[in-house]
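1. mind looking at a prediction? Sequence and model below.
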Amino acid sequence: MTATLISRDGITSFLTDDEYRIYRHLTLQLVMLIISLSMFFDAPDKLNTSLNRFYGWITYYLFINMLVYVNAYGLFPRFLAKNKLVAYIISVILFIVFALFVMVLLQELFYDIAVTHQQPSSIAMFLNIASSMLAMLLFLGGVSALLLVKQWMISNRRINDLRLATFQSELNFLKSQINPHFLFNMINNATIMVDEDPKMASRILVKLDDMLHYQFNDSTQDVVSLKADIAFLNDFLDLEKVRRDYFEYLVTVEGGVEDIEVPPLLFIPFVENAVKHNLDTNRSYVHIRFRAENRRLFFECENSKPMKLIKRDVGGLGLANIKRRLDLLFENNYALDIAETRTTYTVNLQLNYEVCYR
C-alpha cells in the first residue's frame, strides 16, 4: 500500500511540478521521436535511409511537434481549460484542416513519403484525407486527455492543500483564542457579574454560545455568509471589550453584503493579531471596515499601537497561514497590504469573492 501511494505521488509530481517541466518535455520529445522513426520503414523489415526520406522524417517530426504544442499551449488553455467546449471543437477542426494542408504540402515536397507514386482515385483520396483527419483528431484528443488529467491532478492537490491550510487556520485559532484560558476568563467574568450585573453575565454567555456554535459548526463549511463572519468578529471584539478596561472597537459595513459568501475564519487572524498587540490603554482601539464594490470585497483592519516599541508577530504562523490560504483560495485575484506607522497598524485586503476556489 505504501509503495502504491509513493508511486502515485511520484507520477503526480512528475506531471504537475515545475521542477520536472524539462523532463516532461524531454519525455514527450522521445515519444514523438519514436513515432516519427516509422517514416524510415516502407515495410516492417524494409529500411529506407535515403536523403529524401531523411528530410521527410525531419519535417514529419516537426509536424508532430506542431500538432502537440499548438494544442497544448494554444487551443487547450484558451478554450477547453475554460470550459468552452464548442469553441474548442471548432478550433480543433480548423486546425486539423490547416494541418492537413501542411501535410499535403510536405508530401509534395518530399514525394518519397507518399505511400504510392501513382495518381490515386477519388475514393482513395477521400479515404486518405478522412483517415488522416481522424488520425490527427485522435492524436489531439489523446494530448487533450493527458492535459485534462494533469489539470485534474493539480486541482486535487490544490483541494488537499486548501483543506490542510483551513484545518491549520482553525486549529491555530482554537489554540490562540477559543482555548481553556480564554473560556475561563469569560466564564469567570460571567460568574462575577451574575450578582452585580445579571444582564451582562447573560450577554457574555450568549455571545460565547454564538461563537462556539460558529467555530464548531459553521466554520466547517467550505464557505459561509459574510454577515455570519462579521457577526462572529463583532462577538469576539465585544467579549474583548468586556475583559478590558480601556478598549474601543468599531465595525462598519458598506455596500450590499447580504449575498456574499467567503471562506470561514478568513479575517479573524488579522483581528486577533490586532487585539493581541493592543495594550490596555485609554487610546486602545480596533477599527474594522468591510466594503463591497464591483464584485470585490475590501477589508480594512486598523488598530492603535503602543508608543513603546514592542515586537510584533507580523511573520507569525497565523498571518503566514492566512497568506497561504489566500493564495490557494484566490490565486492572483487578491491584494494584501500591511502598513505600520508609529501609532497605528493597518491591514488592507482586497479580493474577488466570486473566484474563490471551492
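-> Sure thing, it's come through.
2. next up, the contacts around Met103.
-> If you count contacts by Cβ atoms under 8 Å, 6 or more residues apart in numbering, Met103 has them with Phe63, Ser132. Any C-beta I mention is one placed from the backbone N, CA and C, and that applies to glycine too.
3. parallel or antiparallel, list what pairs with the helix or strand Thr252 falls within.
-> In this structure, Thr252 sits in strand 248-254 according to DSSP states H and E. Here strand 248-254 is paired, per DSSP bridges, with strand 285-293 (parallel).
4. check which residues of the partner strand are buried.
-> Tyr285, Val286, His287, Ile288, Phe290, Ala292 (16 or more other Cβ atoms under 10 Å).
5. from those, pick the one nearest Leu94.
-> Closest approach between the buried residues of strand 285-293 and Leu94, by Cβ to Cβ: Ala292, at 42.3 Å.
6. where along the stretch 101-250 of the chain do the strands fall?
-> Listed in chain order, the strands of the stretch 101-250 of the chain (DSSP state E, counting those that start in this stretch) span 224-225, 248-254.
7. Ala339 in helix, strand or coil?
-> Recorded secondary structure, Ala339: strand (DSSP: H, G, I helix; E, B strand; the rest coil).
8. name the nearest residue to it, sequence neighbours excluded.
-> Of all residues beyond its chain neighbours, the one nearest Ala339 is Thr346 (4.8 Å), with distances taken as Cβ to Cβ, 6 or more residues apart in numbering.
9. tell me what the one you found is bridged to.
-> With DSSP bridges as the rule, Thr346 is bridged to Glu302, Ala339.
10. quick one: Tyr61 and Leu30 touch, right?
-> No. Using Cβ atoms under 8 Å, Tyr61 is not in contact with Leu30; the gap is 11.7 Å.
11. comparing these two, which residue is more hemmed in?
-> Tyr61 (17 against 10; other Cβ atoms under 10 Å).
12. contacting residues for the more buried one?
-> Counting by Cβ under 8 Å, 6+ apart, the residues that Tyr61 touches are Met32, Leu33, Ser36.
13. which of the residues you listed sits closest to Ala231?
-> Looking across the contacts of Tyr61 and measuring by Cβ to Cβ, the closest to Ala231 is Met32, at 58.7 Å.
14. cheers, nothing more for now.
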